[in-house]
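Novice: Any chance you can model this:
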Amino acid sequence: MRFALATVAIIWALFVLADGVDPGNFKTCEQSSFCRRSRKIQGSGSKYALIPGTLNTYADSLTADLVNKENHHQFAFKLEALVGSTFRLQIDEKQPLRPRYRVEHALKGPTQAGRIRVQRETDGEIVITSEKNKAVIHGDPFRIDFFENDVLVVSVNAKNWLYFEHLRQKAQEPTSHPAENENQQEQDAAVETPKAADTIDDPGAWEENFKSHHDSKPYGPEAVALDFSFPAAKVLFGIPEHADSFILKSTSGTDPYRLYNLDVFEYVVDSKMALYGSVPVIYGHGAQRTAGVYWQNAAETWVDIQTSETNVVSSLVNFVSGSQKTPPPAAHFMSESGIVDAFIMLGPKPMDTFKQYAALTGTHELPQLFALAYHQSRWNYNDERDVTSVSAKFDEYNIPMDTMWLDIEHTDGKRYFTWDKFKFPHPLAMIKNLTELGRHLVVIVDPHIKRDNNYFFHRDCTDRGYYVKTREGNDYEGWCWPGAASYPDFFNPVVREYYASQYALDKFQTVTADVMLWNDMNEPSVFNGPEITAPKDLIHYGNWEHRDVHNLYGHMHLMGSFAGLQQRDPNQRPFILTRAHFAGSQRYAAIWTGDNFADWSHLQHSVKMCLTEAVAGFSFCGADVGAFFGNPDTELLERWYQTGAFLPFFRAHAHIDTKRREPWLFPERTRQVIQNAVIKRYSYLPLWYTAFYELELTGEPVIRPLLAQYPLDKEAFGVDNQLLVQDRLLVRPVMQQGVSKVDVYFPAIDDKKNGDWWYDVDTYQRQERSGYVSVPVDDFKIPVWQRGGSIVPKKERQRRASTLMLHDPYTLIICLDRQGKASGSLYLDDEKSYAYRQGQRIHVNYEFAHDQLVNSFVGKPKYKTLAWIERIVIAGLEKVPSSASITVNGVSQQLEVLHHDNTVVVRKPGVKMDVDFAIKLNFA
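Specialist: As a prediction, the model looks like this:
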């Protein structure tokens, strides 16, 4: 046992204790044979064409046969219209030697078919329409142009980079299939029979080595690739997860962006390297149009990006000729296996496109309120006394905190669903102590299972055949935190059901229904595996290779976790944090940006990364406050808390070898700065909660880049050191060392540089012009503005935990626009259960105009609450009213009005949240 643990420590140290990540542990495109081959097509182009006479049209789709004119292999092509300005394109082999993998479980459910009409059909072109959209399919060379309201927004295969490696037998083996060839000839005599063997001159086609690892590749080359151009766009963004800018950079002369879930510690920033999650959705945005493409493929994927600066030669030619034309931005998706399965989303505005993607893959469900509050974690809190002491210290120093987290050391020797009986002898008492204070506990459950015959979980998985298998049919054994470990095959529904059942309180008896979950290391991480993950030639349920499903493994882990928590307590909304993720994982979990490092560049990238995740469906995103690796100085820690307070997931976390960094361990001034940031977060919890409900309702991201709300402002496209909370707050955290001022960009609403009014949330001083403004900051300042024309709900009574704020009164902050108007919404329910889906909720809109505030309910307000409106703060009035009057059920009464700095405060309207009212300002 000691030898095994020492070996794990040595393996881990080789990776982790170096100075940051070693990129040499991970492949480049040139070292990945399918990427190398797919990329070569960019130099010559490919030759695919629709086969005349094979077209079939249906109410919602059309199909045809597609042929590679060089090797004459045939493919099945389908284009389907979906409701909501979306098309689905699928290309698969017509007669593959074996089925090719099609992604399951990423979409939220069956797609909703639209209707098509064939507008025109000629020898070389088919034009179909659906809603206000049009698709023009060109037969030879094959290309599809998608139009939104007669504007070309996406072109598929415009560059002729389609590349589809059909399955074949190895050249030295018998390859004659006369019956198959005869069938193909009968189906279409005009098309030449495919060659018996199609050799690919690439040493990695049939087997591949990387470092000491061998990939047997028994099915040979099977890559798929396709290009998408965005003629109406100026910039591209999306395809998380990467520690890079929000706007995607040209990959000319560099590696493509890589999508391959990997355990990358202390990752480098400004990098296209793969990280923990892979969400293959990309957007093209220009001032007039936004469109998107979701490339549904779970295999290793590389994405080349072409921008207007990519092609130097064509730029020089255009300059010499005087032409202003530049190639439109384009993306080239290249995947190792699977089929072409692409969803084309036609917008036309950014928010339309984000909602179209949400309609496909779903949204986060409304979390419990505590999940949006502050979380305190480290690897690891030592024992029960440590947990209790830290919780008490937050109360002693008057800093709100909702959740304590326990990492892997809480278990009995890294055996999940167990406790270390020496460090945590009374877990139920410890949990009870937290819940009595209104707090929660989160424990970690990773997918690597310790190979110990005395461990029930391993014994069950071994006896029942639940582990992922090697090619020889044996249980795969890798190395991770427990030492020798195996990995449950979560693709098997029986395995997921077994795993989910372990959360039942009659089995996991040392937790309660209020203990929530952290799924880490689920890429999966394998310390001695190729690129620190699982070999690609492992076998999953359904006889699929790991190469086909790699990026879905963490997603399937989450499905089991989510089912387990729901079955444990069907009336309580689960909370899960995951590191690995794929399209659709947002339906089950929040995410964080992984193993970051305590420096200013990693702080800056926390905003960039979470903005990219948010537009890809993952609004519930945050970064380890203070960073996982390293020891931040006081200034960096202060600024990280201030930044984290305005990201949706707000958790401090740290590595086991870092210094303890609870707020009270720092100088008094630092503690006060942290306290101020956390209290500010709690005051805005009503806004965060409303935003997440409206995300579930509409698919609109909670945090947004400026271009989401200001699509016409080209200067705003690349701004990624600021974010919007819905369309109500603009946040520009201080993320530079030693500065006394920051430059803030206030976006324009039109091409004449007119902008919204913005009000400083601390002083209510108004910013009236668009463009960059230098704003002074001190240690305590978090630069945040509320948009003129918005109403923001807050709660301003301080409690130790958000669960104790349930019935606290609300304050409404009204910031007026140039017309003296404002609007906003508020959502409330029991903050814990699913009763809101049966109507037990209050969703209310507020409108201020003509010196009067009125409310209107969305549906009947059925949730009973003791909360009421305590204050109304109005900024932007031209003069101060002498009084105010409130009318409820036809009865009016006077209210006190105070003038305070730049605002007018209406005191104690006293109206309950489920009551209609009107408040009128009176002027003498």
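Novice: Can I take it that Val387 is in a helix?
Specialist: Yes - using DSSP: H, G, I helix; E, B strand; the rest coil, the assignment for Val387 is a helix.
Novice: buried set for the helix or strand encompassing Lys393?
Specialist: Using DSSP states H and E, the element containing Lys393 is helix 384-396. Using 16 or more other Cβ atoms under 10 Å as the test for burial, helix 384-396 gives 384, 386-388, 390-391, 393-394. From N, CA and C alone the C-beta is placed, and that goes for glycine too.
Novice: With respect to Asn902, which of those is nearest?
Specialist: Phe394 (33.5 Å; Cβ to Cβ).
Novice: Quick one: the helices in the stretch 1-150 of the chain, in order.
Specialist: With DSSP state H, counting those that start in this stretch as the criterion, the stretch 1-150 of the chain has helices at 2-16, 33-44.
Novice: Select from those helices the stretch with the lowest mean pLDDT.
Specialist: Comparing mean pLDDT over the helices of the stretch 1-150 of the chain, the weakest stretch is helix 2-16, at a mean of 43.
Novice: For the residue positioned nearest the centre of the chain, which three-state class applies?
Specialist: The residue lying closest to the centre of the chain (Cα atoms, centre = their mean) is Phe618, at 2.8 Å. Following three-state DSSP, the label given to Phe618 is coil.
Novice: my guess is it contacts Ile591, does it?
Specialist: Yes - distance between Phe618 and Ile591: 5.4 Å, which falls inside the contact criterion (Cβ atoms under 8 Å).
Novice: Identify the contacts common to these two.
Specialist: By Cβ atoms under 8 Å, 6 or more residues apart in numbering, Phe618 and Ile591 have these common neighbours: 277, 581, 585.
Novice: And stretch 739-759, what's buried?
Specialist: 742, 744-748, 755-759.
Novice: For Lys432, state which of those residues is nearest.
Specialist: Closest to Lys432, out of all of the buried residues of stretch 739-759 and judged by Cβ to Cβ, is Tyr759, at 44.4 Å.
Novice: any idea how far that closest one lies from Phe780?
Specialist: Going from Tyr759 to Phe780 by Cβ to Cβ, to the nearest Å gives 18 Å.
Novice: what about the strands in the stretch 301-450 of the chain?
Specialist: 301-306, 330-335, 340-345, 374-376, 403-406, 440-444, 449-450 (DSSP state E, counting those that start in this stretch).
Novice: winner for burial among these?
Specialist: Counting by mean count of other Cβ atoms under 10 Å, strand 330-335 has the highest mean neighbour count of the strands of the stretch 301-450 of the chain, with a mean of 27.
Novice: Looking at the protein, which residue reaches furthest from the middle?
Specialist: Distance to centre of the chain, Cα atoms, centre = their mean, peaks at Ala924 (52.7 Å).
Novice: could you measure that residue against Val880, distance?
Specialist: For Ala924 relative to Val880 (Cβ to Cβ), the value is 10 Å.
Novice: Repeat that for Trp206.
Specialist: 81 Å.
Novice: neighbour count winner among these two?
Specialist: Legend: neighbour count by other Cβ atoms under 10 Å for Trp206 and Val880, higher for Trp206 (20 against 14).
Novice: domains in the chain, as residue ranges please.
Specialist: 29-166+204-239+279-361, 369-704, 708-922 (the TED database).
Novice: how about those, which one is nearest Asp270?
Specialist: Per Cβ to Cβ, nearest to Asp270 of these: domain 369-704, 7.8 Å.
Novice: same question for that closest one, mean pLDDT?
Specialist: 98.
Novice: In helices, which of the shared contacts of Phe618 and Ile591 fall?
Specialist: With helices defined by DSSP state H, no entry of those lies inside them.
Novice: Lovely, talk soon.
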